[in-house]
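Colleague: Just need the structure, nothing else, for what follows:
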Amino acid sequence: QVQLVESGGGLVQAGVSLRLSCATSGRTSSSYAMGWFRQAPGKEREFVAAISRSGGITDYADSVKGRFTISRDNAKNMVYLQMNSLKPEDTAVYYCAAAPPGTTIETLGVRYAYWGQGTQVTVSS
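Modeller: So this is what the prediction gives:
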């Protein structure tokens, strides 16, 4: 079992940066490949970024590639999402998720086993 708690969301203007954090507890976070997903009002949840257990492999949605960076600090049991050049279309609730042990990296939300409660990011134009 692992518990996930996101933080760092807020209301910002377009063009600025924001860093989301995901604190993991329970089983050692390095056991899990991790991902960030988001869900905007009236839309389905979508993949944002994923990172392997060691942090050596990352993957991004095309819509955030070049602007967002996922990283992790396994010593601190933390996963981060650095979001630069934010756009109004980035407005959503952002969720941190952990894939089942043994997963190398995963972009499909249905394959994730554990989810945080989400943190709201609102980008004004």
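Colleague: When you work out contacts or count neighbours from here on, use the C-alpha atoms and nothing else.
Modeller: Fine.
Colleague: Now do the helix or strand in which G35 is found, average pLDDT.
Modeller: In the assignment (DSSP states H and E), G35 maps to strand 34-39. Mean pLDDT, computed over strand 34-39, is 98.
Colleague: ok, what's across the strand from the one residue sitting closest to the centre of the chain?
Modeller: Nearest residue to the geometric centre of the chain (Cα atoms, centre = their mean): W36, 2.3 Å. Listed beta-bridge partners, W36: A49, C96 (assigned using DSSP bridges).
Colleague: circling back: chain center to the strand holding G35: distance?
Modeller: When distances are taken as Cα atoms, centre = their mean, to the nearest Å, strand 34-39 is centred 4 Å away from the chain's centroid.
Colleague: any idea which strand is longest in this protein?
Modeller: Determined from DSSP state E, the single longest strand within the chain is strand 18-26.
Colleague: Can you give the contact residues for the strand holding G35?
Modeller: The contact list for strand 34-39, computed with Cα atoms under 8 Å, 6 or more residues apart in numbering, reads 45-53, 79, 81, 92-99, 105-107, 109.
Colleague: just stretch 56-64 next, same as before
Modeller: Contact with stretch 56-64 is made by 47-52, 70, 105, 107, as judged by Cα under 8 Å, 6+ apart.
Colleague: For these, pick the one with the most neighbours.
Modeller: In terms of neighbours by other Cα atoms under 10 Å, the contacts of stretch 56-64 top out with A50 at 29 neighbours.
Colleague: Do I have it right that S71 meets S54?
Modeller: No - in this structure, S71 is not within contact of S54 by Cα atoms under 8 Å, at 9.9 Å.
Colleague: Who has more neighbours out of these two?
Modeller: Shown here are S71 and S54; by other Cα under 10 Å, S71 has more neighbours (22 against 16).
Colleague: check contacts around that one.
Modeller: Counted by Cα under 8 Å, 6+ apart, S71 has contacts 51, 55, 79-81.
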